[in-house]
Structures are given as structure tokens and as C-alpha cells.
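>>> Generate coordinates for the sequence data below:
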Amino acid sequence: MLKIWGLQLHSGFTFTYPNSIGTLWAYLSTKKDIFEHIELTGIGCRAEDSVVDLLPEVDENGVPDVILVTLYIWNTVRSNKLTKLIKEKFPNVTIIAGGAEIPENKERFKEFVKNNPQYDYLVWKEGEIPLEMILRRILSEKNIYVSDYYDDCYNYCKDGEIITGTKKFRYLDHKNYLDIPSPFSMGLFDEIYEKYKDINLQAVLETNRGCPYSCTFCDWGLREKLRKFNIQRIQEEIDWMTERADEVFIADANFGILDRDLEIAKYFVKSKIKHKNPRTHSLVFSHAKNNKEKVLKIAEILEKFDLSRSGATFALQSMNPDTLKAIKRENMNISTDFDWITKQFLARGVPYTNELILGLPLETKETFFKSLDMLLEYNPLSMNTFKLQLLENSEINYDNHSEKYGMKWSKFRQTDSKYEDEREIAYLIEETNTMPREDFKFTRLIRDFIEILWMGKIVYFIGRYLQKEKVVTTTKFMIDINDWFKSNDNEFWQTFRASKEDIRDGVEVPLWYDTDKFKFHRFVNAFIFLAGIPDNRERFYNGIKQMCFEYYPSIDKEIIKDLVYFNDNFVVDKEMSIRKSFSTEFNWVNYFMTGKLEKEYCNHELKIYNVGNKKKSLDRSPDELLYYMAGGHNFLFNKQNCFIYHAGSYYSQTSKLNFINKYGLFYDEEEFNNSALELIKSLQDEFSEMGVEEKELFNKFLHRQN
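Presented below is the predicted three-dimensional model:
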């Protein structure tokens, strides 16, 4: 019997079930002739302090003959360290590694092997068939079980030298469906769940493999057509995850590209209904960017049934035609597709997120700001902008892009381990020949302001009014704020700017909440500095009011004063008052709904239902509530259910309205609730066998009483 131990370390930001090791083992279970000769003794996936702490687990159920390792950008440093220690302790063990961080470039691979002599077999790309062949080889060589095997689909190494290399990539056969069992429904992760059920858990759901695109910055493309897992397997996994995962990451390159993806989205809802105590609160995935009707339906179902973290995500990456050509990418037509998206998505109260990558070839400061301004006109929930990251097996890394486009990279510490040799490293872009370093730094600064001030709603209503009235673009508004505070209140402004920096960069960061109790995030820290400290808040909004007087003299001062007051009152404060009342001289809610501004005295009553993307109840300390309302999350700056009051009412001499405030957009509460009920009714036949009443569904998923 061949004893095998698996190693798949999580990222350090959130704990994720070791899906890759599990899927490989599930595949091996279909090879009955060898499966009876192998035993999985355990999977190492989480270390509280150092990866060295995992060493005793390796032989907890017997000394292993084989170690399986998956290497990703978030775990390679720690995995390399631990596997070297394993080889020292068990010199006869065979270590097999696969994953996206094993270089395919000849010279880089040679260097990797030299620096990591502990690895005996290294696999590129899809791992199921190569792993089967390696195990057949090992079983044959040990005379445990002799069978035929291919030796051309993996790299065999010894003592830091390449003995034989890969000659052919072998993928799973193209059939109607990939017939690999589910590691979840097989029970491979049951023990892991029991061990870690008290922490935040993320599960990975793979409904298909492959990507039809070949973007140069990415390493996802398989040179193979899309292949699907069968729907029964997917449903079994969803049922398992619903009770045992807080978030589910759908690992498809383009969810929504297949017709059946709508049915998969519906099944998530069904699973949440039929389980009495569902744990899953949100799904994370990248939508197919060129199938907008299906994506709308999927996004609406998940949003209205309370399974969405950020609505539909459209990864556009750039709006600059020259850049798109350079990275081999096509986008939606901004004049037709995005006009449709903003009207349909926002009319139904369905949020969406846009993504751009900062530092792509041929992008300039001006083209990047133009892209931001164009997309922010459409009012997305979030405008995610990421610095270009150098992926080991991307075309950018191997096709002379750095020289061609003047790309310069810097090391970034992804994890903040106290052990220097366990800090995961990424390489991020710092400049190109079209975006010099100073332009890059300034673009990133304005990006940060958009995240905190605009997406964090601190100046959102002010900026949205100025944007709608064609006074100033979003990026120019951010530049103006920066210029005014630097000139008029520089010490205060520099403290704010320091508060948004990342402690992983080794800089001094003033902290404004208890980071021992709540995970540090730089944008949360900056939000609390401005909005969560009363004196700072008053100082900031007074400065914004004065800046608008000086920079935008065409706007009546009375309008500016009232608008700043309106924005200030909608943003949550340190006390985290659940209900709030205030009055304005203008009807701002109606303006943001219709575009028509009326001067009439308005009374507002605001309320909060729950907090953050986990819909946390309100029976918590003000500090905890403020953290989650400030965008607190395990690893990102969350924008769902954050920053501002969720609902309320206003009344004036001429009108009154009960409204829902979703992501800064106002909806008539009755109309919004009716649309949710209509969606429930449209799916009622599919859910009727569960015996759940319409009103129960409404209250359960919207967290409100009808």
C-alpha cells in the first residue's frame, strides 16, 4: 500500500478547502486498479503560526511514501519551505508538485528545479493524468502493482537536476461531461470542516474547465475547449457547501457562458431554502462579459435571494483600444452593451462591479483616468482596479513584454508572516514606457481616493451631483480634493493619506481601530479616520464645502451646503445609530431618482437593517458594527451593505416616499419589494415542492417584513 499525504496551503486571508488535492484524489478513485493500492493519510492546509507546525501531521497516520503538493502564487514560498523540511526528515519520500507556479519557461524551470531539489516530479497544467501516470510508475518500480504508464507528460528530477522532461500535455478526454466524482460528496473534507468550522470557510466550485480567451496577462487558458462537469455532481457539491462554507468561489473563467449556468444559480437558491440553517451567504465569480442577458438573470436571482457579494462582475481590464489589442482582449461595446447594462441592472436594483488593471501595456495616466470616468458615469457598485501582477506562466512574463513595453516590477509581500522565509511574494508593476513611475504613483493615489471617498460613499452624493451636472468628472473631483486639502489642511490630509497605506509595505500606518480584534484593511482604516472620528468628520466635510465654494463657483452655495449636509447624514457615524432623522432644504432623494432638483423642505427618517456582506445582526458593539459598515471583511474592502443607511423615508409639502437605498441608489420601497415578489413568483413552481410560502421566502432573503 502506497501512503500519500497532501499539501495545499490556503492563502492566509481566508481558509479555503483544498479543492485541488481533493479533485486529484477523486479522479484517482475512478482508476480502480491502482486506487486499491494507495491510501490518502491526510491533507495539510492550515498552519496557525508557522508551516513548521504542520510537520508532525505528515506522519501522523504513518510515514508517507508520496507527498502531493499544489503550488500557487499565494502559497509557494511556504510550500517550498515545508517540503524541504519533509525531505530532510523523510529522505526516501517522493514529492510530486503541480500548479500554476511551476515555470514552463526552460531557463526559469531549470533554476526552479535547482533551487528546489526536494521535488522528484513536477507537473505542468492539468494534473489528473500526469499524476496517475507517476503513481503507476512508482507502484511498478516498488513492485506493489505493475501496470503500463506514459512517461512523457511530467518532469522527472533528482537532486536539483532535470532527468527527463515533459514532451506532451495530456488532458482529460473530451466527453459530454468530465466524469470525476466530487471530493466534497465523497466526504474527503468532512474531517477538515469539523476541525475548522469555527472560522470563516470558503469552498471552490468548479462547474467547467477552460477559457476561450488568451489574454497575455493571464495563465488560465488551457489550449483546450470548454469542458463541463455533470450537473448532478455540481448539485451535490452545492448541497454540501451550503451547510459548510461561508462563501463559495465559482472557479469558472466565465460563469454565465453556458445556458445551464442559470440553472446552477437557481440551484444555489433551492439549496439555501431546503437547508434549515444554511451557512453560505455569498457567491464570488467572474461573469461572462459577452452574455449580458443571461448574466442579468443570474445576477438578479442571486441578489434578490441574498447570495450575492458584489452583483455581476465585468472584468474589462482596460477601455483603451491600443491596450486591448496589445493584451489580445476584446471588450463589450461601451456605447451599446454598457448602456443596456446600466439601465437593466440598476433599474432592477441589481449591482454590478467593473474591473480595470493598472499598468497594462500602452496605458497612460490619461487613458486610465478616461476609463475610470467613463465607467463611473454608469454608477457601478464597485470599481475595482488592480495593479498588474506578473504571473509565472503568462505570456507577458515570457514574450519579452517587459523590454518591449518598458515594464519594471517590484516585489510585494502578500502575507504578513512574522517569519521572513514564509512571506509570500508577488511581483507588481511599477512603471511602463507609457506610464512613468510618478504617473503610476499618482494614478494609484487617485484610485485609492475613489475607493475610500467615492465607493465608500463619503463624498459620493456630492460627487454624483457634480458629475450629473457636468461640473467635473470623478477623477478630477478626486484630484481637486487632494489639491485643496494639501494647500489648506495639509497635516490633516497627510494623516489621512498615511492611514490608507498598507502595513505590509513596511511603512508607518496610524491605526484607527483595534486590529487585534478585527482584520486590518487599509481602506477600512482610512474610512474610519474620516467618518468614524467625529472631529475629523466635521473637519473634512467643512473642508469639502469650502473647496466646492472655491473650485465650483457656478454652483449655488446654498445647494452646496445642503448637499454636503445630506451626504454627511447618510454616512454612518461612530455611534452607529440604528435610526436617524434630519432635514434638508432641497429634495435630494428625488433628485437622485429623477434628475430633477426641487427646493423644498424635506424631513428624512433613516434606518439600518443589518451590517456587512454577512448581514450581521445589530445586537453587537458599536465598534464591531462600525468595522463592518466601514467595509470590513476577511480579505477585501467590502461594499455590500456598508457605509450608508439602507432605507428610510422622506416627506415634504409636495411628496413623500418610503425608499430603499442600495449602494447609493434610491428605489421606491413598494416597487422594489414588488419586483422581488415578482421574481419569487416566477420561480415559485420550481420551489413549490419544498413547501415554502411566498412571504416566508421574501422575509428570509430580504431580511425585512413585507
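>>> what separates Leu597 from Phe477, distance-wise?
Per CB to CB, to the nearest Å, Leu597 is found 19 Å from Phe477. All C-beta spots, glycine's among them, are computed from the backbone N, C-alpha and C.
>>> I'd guess Cys218 is in a strand, am I close?
No - Cys218: not assigned to a strand; according to DSSP: H, G, I helix; E, B strand; the rest coil it is coil.
>>> Next, give phi and psi for Thr76.
Main-chain dihedrals, Thr76, degrees, to the nearest 10: phi -60, psi -40.
>>> for the one 5 residues further on, same thing?
With angles defined as degrees, to the nearest 10, Lys81 shows backbone torsions of phi -60, psi -50.
>>> More neighbours: which of Leu597 and Phe477?
Remark: of Leu597 and Phe477, Phe477 carries more neighbours, 28 against 18, as counted by other CB atoms under 10 Å.
>>> Nearest residue to the more buried one in space, ignoring adjacent ones along the chain?
Closest residue to Phe477 apart from its sequence neighbours, by CB to CB, 6 or more residues apart in numbering: Gly463 at 5.0 Å.
>>> Okay, and the one you found sits in which element?
If you go by DSSP states H and E, Gly463 is part of helix 460-468.
>>> ok so, going back, quick one: contacts for the residue nearest to Phe477?
Taking CB atoms under 8 Å, 6 or more residues apart in numbering, we find Gly463 in contact with Leu453, Trp454, Thr474, Phe477.
>>> Can you tell me which of these is closest to Ala299?
Checking these against Ala299 with CB to CB, the nearest one is Trp454 at 21.9 Å.
>>> wait, isn't the closest one in contact with Tyr460?
Yes - counting by CB atoms under 8 Å, Trp454 touches Tyr460, with 5.6 Å between them.
>>> Which residue would you name as the spatial centre of the protein?
Val284 (6.5 Å; CA atoms, centre = their mean).
>>> burial count for Asp514?
Residues near Asp514, counting by other CB under 10 Å: 10.
>>> Next: the one 5 residues further on.
By the criterion of other CB under 10 Å, Lys519 has 14 neighbours.
>>> wait, it sits on Asn634?
Yes - with contact defined as CB under 8 Å, Lys519 and Asn634 form a contacting pair (6.2 Å).
>>> Where does Glu300 fall, secondary structure wise?
Assigned by DSSP H and E, Glu300 falls in helix 292-304.
>>> What mean pLDDT does that helix get?
For helix 292-304, the per-residue pLDDT values average out at 84.
>>> And the following helix or strand past that helix, what does it pack against?
Counting by DSSP H and E, the next helix or strand C-terminal to helix 292-304 is strand 312-317. In terms of contacts (3 or more CB pairs under 8 Å, 6 or more residues apart in numbering; DSSP states H and E), strand 312-317 is packed against helix 292-304, strand 352-358.
>>> what separates the residue nearest to the centre of the chain from Leu205, distance-wise?
Counting by CB to CB, the gap from Val284 to Leu205 is 10 Å.
>>> which residues are in contact with both of those two?
Listed as contacting both Val284 and Leu205 by CB under 8 Å, 6+ apart are Val248, Phe249, Ile250.
>>> ok, of the residues you listed, which come out buried?
Neighbour-count burial within the shared contacts of Val284 and Leu205 applies to Val248, Phe249, Ile250; the criterion is 16 or more other CB atoms under 10 Å.
>>> Dump the residues you listed to a markdown table, plus distance to Ser402, secondary structure and pLDDT.
Formatted as a markdown table, these follow (distance: CB to CB, whole Å; DSSP: H, G, I helix; E, B strand; the rest coil; pLDDT from 0 to 100):
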| residue | distance to Ser402 | secondary structure | pLDDT |
| --- | --- | --- | --- |
| Val248 | 36 | strand | 92 |
| Phe249 | 30 | strand | 90 |
| Ile250 | 33 | strand | 91 |
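>>> Let me have these in a markdown table, extended by distance to Lys328.
Putting these into a markdown table (distance: CB to CB, whole Å) gives the following:
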| residue | distance to Lys328 |
| --- | --- |
| Val248 | 30 |
| Phe249 | 26 |
| Ile250 | 24 |
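>>> so which of the residues you listed would you say is closest to Tyr427?
Of all these, Tyr427 sits closest to Phe249, with 23.5 Å by CB to CB.
>>> Mind listing the residues bridging to that closest one?
Beta-bridge pairing of Phe249, defined through DSSP bridges, involves Val204, Val284.
>>> From the recorded domain assignment, give the ranges for the chain.
For the chain, automatic domain parsing gives the domain ranges 2-164, 310-435, 446-663.
>>> Worst mean pLDDT among the ones you listed?
Mean pLDDT values for the domains of the chain show the minimum at domain 310-435, a mean of 87.
>>> which residue of the protein sits farthest from its center?
Going by CA atoms, centre = their mean, the residue of the chain most distant from its centre is Asn143, 47.0 Å out.
>>> tell me the SS of that residue?
Recorded secondary structure, Asn143: coil (three-state DSSP).
>>> For Ile341, see how far away it is.
For Asn143, the distance to Ile341 (CB to CB) stands at 62 Å.
>>> what's near enough to touch Ser621?
Not one residue lies near Ser621 by CB under 8 Å, 6+ apart.
>>> oh, I was asking about Ile67
With CB under 8 Å, 6+ apart, Ile67 has these contacts: Ile4, Trp5, Gly6, Leu7, Val58, Thr83, Ile86, Val93, Thr94, Ile95, Ile96.
>>> Can you flag which of these belong to helices?
Using DSSP state H, Val58, Thr83, Ile86 are the members of the contacts of Ile67 that sit in helices.
>>> The stretch 201-350 of the chain: helices as residue ranges?
231-244, 261-274, 292-304, 321-326, 337-347 (DSSP state H, counting those that start in this stretch).
>>> Could you check the third one and say which residues are buried?
Put plainly, it is helix 292-304. Lys292, Lys294, Val295, Leu296, Lys297, Ile298, Ala299, Glu300, Ile301, Leu302, Glu303, Lys304.
>>> what packs against that helix?
Under the contact criterion of 3+ CB pairs under 8 Å, 6+ apart, helix 292-304 touches helix 261-274, strand 312-317, helix 337-347, helix 669-687.
>>> at 7 Å what do you get?
helix 261-274, helix 337-347, helix 669-687 (3 or more CB pairs under 7 Å, 6 or more residues apart in numbering; DSSP states H and E).
>>> didn't Cys153 look like it was pressed against Lys168?
Yes - using CB atoms under 7 Å, Cys153 is in contact with Lys168, at 5.6 Å.
>>> Between the two, which has more neighbouring residues?
Cys153 (23 against 9).
>>> Quickly find the element holding the more buried one.
Under DSSP H and E, no helix or strand contains Cys153.
>>> Which single one of the ones in helices among the contacts of Ile67 is nearest to Ser617?
Closest approach between these and Ser617, by CB to CB: Val58, at 41.7 Å.
>>> Could you double-check that that closest one sits in contact with Pro64?
Yes - the pair Val58 / Pro64 is scored as a contact, 6.4 Å apart, by CB under 7 Å.
>>> can you list residues touching both of those two?
Residues touching both Val58 and Pro64 (CB atoms under 7 Å, 6 or more residues apart in numbering): Trp5.
>>> beta partners of Lys3?
On the basis of DSSP bridges, Lys3 is bridged to Glu39.
>>> wait, isn't it in contact with Asp59?
No - taking contacts as CB under 7 Å, Lys3 lies outside contact range of Asp59: 9.0 Å.
>>> Need the ones in helices among the contacts of Ile67 in CSV (columns: neighbour count and distance to Phe217).
Putting the ones in helices among the contacts of Ile67 into CSV (neighbours: other CB atoms under 10 Å; distance: CB to CB, whole Å) gives the following:
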residue, neighbour count, distance to Phe217
Val58, 22, 36
Thr83, 21, 29
Ile86, 23, 34
